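**Q** Mind folding the following:
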Amino acid sequence: MIHLSTRLFPVWAILLSVTAFFFPNMFSELRPAIIPLLSVVMFCMGMTLKWPDFKEIVKSPKIILIGVLLQYFVMPLSAFLISRSLGLSPEFVAGMVLVGSSAGGTASNVICYLAKGNVALSITLTMASTLIAVFAMPVFSLLYLHQIVHVPFLNMLLSILQMVLIPVLAGTTLNTLLGAGIKKSVRFYLFFYYCYCRYNCYNRRS
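**A** Got it, this is the predicted structure:
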């Protein structure tokens, strides 16, 4: 049953996105659970890994460097060029550039896991890009928009600790010590994570 639900993930994503867009109030009372649930999801991500997985990533720093360069060179530039080519207003150009300069979130780690990708690399890139975003977003906003955008460094650092670093470290340690027997229910939480994630996105738009 869990395996089938996971395979139908694109269907759930579309249905939940449409529902959250048209009926955001259905999820509004669940807002306080977003951060705890994200932490649970990243703990589950950690339970799919062992410490040797991260050791292999550290041995190949070029991969992390390439990922960061793609994140902070290709994406902001592409956002700027696309918005300009479409003749968007300055407000939309600013929004496009800011989104392009933003770090990858925990949703990318979940998608990577479901796609059977390198989860350790995905998590490492998420933490690296989030830390770099503190400096990169003001630089790119000044370069493309000629404006300074304030980035709350302490809040971002705290969110990394709460939602990524501590849960992943705990899950990885537990899996390294106890083995694969604890991983059977990992995918069970992914559906609920995406529900909250879509709600948070569309509620801000509304």
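**Q** What average pLDDT does stretch 143-163 get?
**A** Here stretch 143-163 scores 74 as its mean pLDDT.
**Q** Stretch 62-78 now?
**A** In this model, stretch 62-78 has a mean pLDDT of 87.
**Q** Can you give me the buried ones in it?
**A** Buried residues in stretch 62-78, counted by 16 or more other CB atoms under 10 Å: Ile64, Gly67, Val68, Gln71, Tyr72, Met75, Pro76. Where you see a C-beta, it was placed from the backbone N, CA and C, and this is true even at glycine.
**Q** Give me the nearest residue to the fourth one, chain neighbours excluded.
**A** By the measure of CB to CB, 6 or more residues apart in numbering, the closest residue to Gln71 outside its immediate chain neighbours is Ser129, 5.0 Å from it.
**Q** In which helix or strand does the one you found reside?
**A** Under the criterion of DSSP states H and E, Ser129 resides in helix 119-140.
**Q** Tabulate the buried residues of stretch 62-78 (CSV), appending distance to Gly171.
**A** Shown next, in CSV, are those (distance: CB to CB, whole Å):
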residue, distance to Gly171
Ile64, 21
Gly67, 22
Val68, 24
Gln71, 24
Tyr72, 28
Met75, 29
Pro76, 32
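**Q** Among the residues you listed, which one lies nearest to Cys112?
**A** Gly67 (11.7 Å; CB to CB).
**Q** Find the helix or strand that the closest one is a member of.
**A** Following DSSP H and E, the helix or strand that holds Gly67 is helix 61-69.
**Q** From the contact counts, what lies against that helix?
**A** Packing contacts for helix 61-69, counted by 3 or more CB pairs under 8 Å, 6 or more residues apart in numbering; DSSP states H and E, involve helix 119-140.
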